[in-house]
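Asker: Kindly return the folded structure for what I paste below:
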Amino acid sequence: MDIMEKVKELQEIHGLSVVQFAKRAKLSPSTVRNLLKQNCNPRMKTVFAICLAFSIPAEVLLDENINFVVFGIAARYPLLNNEQKRVFHDLIKLFKATGEKE
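Answerer: Now for the predicted structure:
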């Protein structure tokens, strides 16, 4: 699952329009549109803005080994308690170690 797929998934999970997504991430709507259309690879500044806006760890967007299930959990990261967050981070480490893909 690449970054652009994850951005689309975030938008859908949160039910946001392009403009709402852009406002939340403090990005221009054209930047978000380009990401959603897969017209460009995002700059690190853009990746971090999205992560900050949705309170998800940057490694979740950057690591292509993270599958839809793990990403679905990550998109709801702010709702997790501390123990759930710890387990989530352990899960990411496991995916990295095994090189597992979706």
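Asker: rest of the way, CA atoms for contacts and neighbours
Answerer: OK.
Asker: Against K85, how distant is the residue nearest in space to the middle of the chain?
Answerer: Central residue of the chain (C-alpha atoms, centre = their mean): L61, 4.3 Å from the mean position. Distance, L61 to K85, by C-alpha to C-alpha, to the nearest Å: 16 Å.
Asker: do F48 as well
Answerer: Counting by C-alpha to C-alpha, the gap from F48 to K85 is 19 Å.
Asker: could you point out which element follows the helix or strand bottoming out on mean pLDDT in the chain?
Answerer: Within the chain, no helix or strand scores below helix 68-75, which has a mean of 70 by mean pLDDT, DSSP states H and E. Downstream of helix 68-75, the next assigned helix or strand under DSSP states H and E is helix 82-98.
Asker: Buried ones in that following helix, by neighbour count?
Answerer: K85, F88, H89, I92, F95 (16 or more other C-alpha atoms under 10 Å).
Asker: what's the closest of these to I73?
Answerer: The closest of these to I73 turns out to be F88 (C-alpha to C-alpha; 7.9 Å).
Asker: Contact partners for that closest one?
Answerer: I73, A74 (C-alpha atoms under 8 Å, 6 or more residues apart in numbering).
Asker: Distance-wise, check it relative to V70.
Answerer: According to C-alpha to C-alpha, F88 stands 8 Å off from V70.
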